[in-house]
Structure formats: C-alpha cells, structure tokens
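Asks: The following comprises the amino acid sequence and a computationally predicted model.
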Amino acid sequence: MRHRIFPKNKRGTANYNWLKANFSFSFGNYYNPDMVQFGMLRVLNDDTIAGGTGFGTHPHENMEIITIPLEGGLTHRDSMGNEATVKFGEVQVMSAGTGIQHSEMNASETDQAKTLQIWIFPEKDNVTPRYDQKGFDLKKNKNAFVTVVSPQDKNDGNALWIHQQAFLNLGIFDAGTTTTYDLKIPENGVYLFLIDGEIEINNETIRERDAYGIVEFDSFDIKVNKESKILVIEVPMKFN
C-alpha cells in the first residue's frame with residue numbers, strides 16, 4: 001500500500017470575482033507538474049459561483065464530466081438540446097465523446113452555488129455524447145457509501161454510468177464510526193476527497209477539503225472523528 005495526503009492549502013486557486021475556484025490538479029492558468037492527474041482522474045475543481053453568473057457556452061470532447069452540487073444548483077444547456085437544473089443532492093454526468101457544447105449557469109440570480117466538477121479520461125474515444133442526472137438520498141443511507149457513478153458494464157441501474165472503469169462513492173458518516181472501503185477493481189487506485197468533517201486513515205488525519213491518494217491495496221479503514229461527508233473516486237491508474 002502506498003498513500004499520500006494532498007492538503008487543501010496546496011491546491012491551485014483562482015478568483016475572478018464571479019468565480020472562486022480551487023484546483024486539485026493543473027487547470028487553466030494553474031500548472032503544477034507534480035499534480036497533473038491521478039491515474040485517469042484529470043480534474044477536481046471546487047468552485048463557488050456567484051448568483052446570476054456561470055460558465056457560458058464552451059466545448060468539450062473525449063472526457064467524462066461529473067458535477068456534484070454542494071450548495072444551490074446549476075442550469076445546464078447543451079448542443080444536444082438538453083436543458084436541466086442539477087441541484088444539491090443530485091449528480092450530473094456528461095460524456096463529451098465526439099464533441100459537445102454546453103453552458104453551466106448558477107440557477108439563482110442572487111445566491112451563490114458551490115460545486116465539485118470532476119473530469120475522468122474515458123476508456124474509449126469518440127463515443128456519442130450523452131447527458132444524465134440523478135438524485136441520491138445520502139442521509140437515508142447514512143454511515144454507508146452510496147455508489148453514484150459506475151462503469152457502464154458494471155451498472156446496476158441505481159447509479160449513473162460513464163465510459164470508464166471508475167466509481168464515485170459518496171457518504172455521510174457520524175462521528176465515532178469506522179467504515180471500510182473495498183477496492184472494486186484490482187489495480188485501480190482511490191482519490192478520497194473530504195468534503196466536510198475530519199477523518200483518519202492509517203493514523204493520519206485528513207481535514208475538510210484535504211484529499212488522500214492510495215494505491216496498491218485491497219481495502220482501507222476510515223475512522224470518523226467528526227461528522228463527515230466523503231467522496232471516494234476509484235479510477236484506473238494507467239491508460240489502456
């Protein structure tokens with residue numbers, strides 16, 4: 001087992017007034033040669049978007065894009081004719097494939113929105129673009145991980161799916177609990193992002209917005225010191 005803590009204060013940042021962003025990996029004007037990607041995980045942006053603003057129409061291709069609202073919501077419009085608002089409690093996926101244009105605007109004219117946006121390299125290029133979203137009740141499933149995204153060929157119908165052998169798991173855990181994460185595919189790695197709270201892994205403390213990368217393992221235990229909301233991203237570590 002090999003592991004590494006990625007402290008929140010080591011992330012890249014940008015402040016455009018309407019957008020305050022934190023970059024776990026190199027993105028835009030932020031470049032860190034030590035933090036370009038984690039396996040097939042290319043982007044994890046932690047964004048705060050002012051009311052009445054957002055990302056105007058722009059293109060993507062050959063990327064699996066997942067959006068997780070933490071506060072408020074975003075209104076999505078794309079070149080396939082989709083228009084929907086993804087809100088707190090929901091998850092959105094977009095397979096850019098051969099190419100898609102879309103916009104993401106704060107659904108509120110006055111209140112800020114907070115979101116995580118995640119980009120994962122697909123296992124095959126030039127697929128037909130697609131869009132989907134789904135709500136998940138984490139409080140009803142407290143103290144357990146809920147799989148919100150899985151590979152298409154391993155999807156049980158309860159999660160969204162993407163074109164990659166990757167899994168996204170969310171969970172809310174009470175203080176004083178301990179949980180175990182079991183790797184779903186051998187040779188995959190895990191990038192754990194602590195949205196809120198405080199946990200321990202391998203006797204190391206991870207605090208709010210810290211991340212923890214771990215490879216070469218079958219399972220690991222998570223001790224919860226404070227009520228925590230945890231995102232676990234399991235991804236292949238090598239290109240096919």
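Replies: Here it is on my side, so go on.
Asks: C-alpha from now on. contacts and neighbour counts both.
Replies: Will do.
Asks: Please report the distance of Ser95 from Ile214.
Replies: Ser95 sits 26 Å away from Ile214, taking Cα to Cα, to the nearest Å as the criterion.
Asks: which one of these two has more residues nearby?
Replies: For Ser95 versus Ile214, the count of surrounding residues by other Cα atoms under 10 Å is larger for Ser95: 27 against 18.
Asks: Please report the distance of the more buried one from Pro129.
Replies: When Cα to Cα is the yardstick, Ser95 and Pro129 sit 5 Å from each other.
Asks: cool, and Ser26?
Replies: Following Cα to Cα, the distance that separates Ser26 from Pro129 is 25 Å.
Asks: so what's Asn32 closest to, chain neighbours aside?
Replies: For Asn32, ignoring the flanking residues on the chain, the nearest one in space by Cα to Cα, 6 or more residues apart in numbering is Ser26 at 5.6 Å.
Asks: what helix or strand is the residue nearest the centre of the chain on?
Replies: Relative to the mean C-alpha position of the chain, the nearest C-alpha, by Cα atoms, centre = their mean, is the one of Ile118, at 4.3 Å. Ile118 is part of strand 113-120, with elements assigned from DSSP states H and E.
Asks: who does that strand pair up with?
Replies: Paired strands of strand 113-120, with direction, are strand 41-49 (antiparallel), strand 64-71 (antiparallel) (DSSP bridges).
Asks: C-alpha coordinates for it, CSV please?
Replies: Output for strand 113-120, consisting of C-alpha atoms alone and laid out as CSV, is shown next (Å, rounded to 0.1, in the frame of the first residue of the first chain):
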residue,chain,number,x,y,z
ALA,A,113,-23.7,28.0,-5.8
LYS,A,114,-20.9,25.6,-4.8
THR,A,115,-20.0,22.6,-6.9
LEU,A,116,-17.4,20.0,-7.5
GLN,A,117,-16.6,19.2,-11.1
ILE,A,118,-14.7,16.1,-11.9
TRP,A,119,-13.2,15.1,-15.3
ILE,A,120,-12.2,11.5,-16.0
